[in-house]
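Student: any chance you can model this:
(one chain, ligands or ions: 1)
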Amino acid sequence: MDPEIPVLSVLDLGVVRNVETSAGRVALELTPTYTACPANEVIERRVRAALQDAGYSVELRQVLTPPWTTDWISPKGRQRLREAGIAPPRLRREAREAPPRPACPLCGAAETERISQFGSTPCKALHRCLACQEPFDYFKCL
Ligand SMILES: [Zn+2]
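Tutor: I've put the predicted structure just below:
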């Protein structure tokens, strides 16, 4: 699971680029999320440990191109974010058309405002719903 957003698995995040298994060995390609995100190192360590605990010898390779984008977060991951009260990132093509003003993940209202460029982690911004008044995190589009 993502150390900063524990409702998301590495598969939900879309950071697993390729997996090959053969006779007790796993070769895994991972793409880091934000380059400055401290979670990447933790993710790598946990993935390696989980596979080793399952009895595999592990070969981890970091893949930097193409760079990760929030578009790779799975539909299930987006649903899990909403359920955790975090507005999921817009798809990049949608975000280009209009500034990101995510719908409230708590009541669904479209009228929201940004309070701060940063939320509980640098990859999120803090917004507030103008209908229910509740603040919520928005996972920024990348
Ligand atoms: Zn609301």
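Student: so how far is the ion from the residue of the chain most remote from its centre?
Tutor: Distance from the centre of the chain peaks at Ala23, with 31.3 Å (CA atoms, centre = their mean). Computed with CB to the ion, to the nearest Å, the distance linking Ala23 and the ion is 52 Å. For the C-beta atoms, the positions are set from N, CA and C on the backbone; glycine is no exception.
Student: pLDDT value on that residue, please?
Tutor: We have a pLDDT of 90 for Ala23.
Student: please state the offset of the biggest helix by length in the chain from the chain centre?
Tutor: Longest helix of the chain, by residue count under DSSP state H: helix 39-53. Computed by CA atoms, centre = their mean, to the nearest Å, the chain-centroid distance of helix 39-53 equals 16 Å.
Student: quick one: average confidence on that helix?
Tutor: 92.
Student: name the helices or strands packed onto that helix?
Tutor: strand 25-30, strand 57-62 (3 or more CB pairs under 8 Å, 6 or more residues apart in numbering; DSSP states H and E).
Student: which parts of that helix are buried?
Tutor: Using 16 or more other CB atoms under 10 Å as the test for burial, helix 39-53 gives 39-40, 43-44, 47-48, 51.
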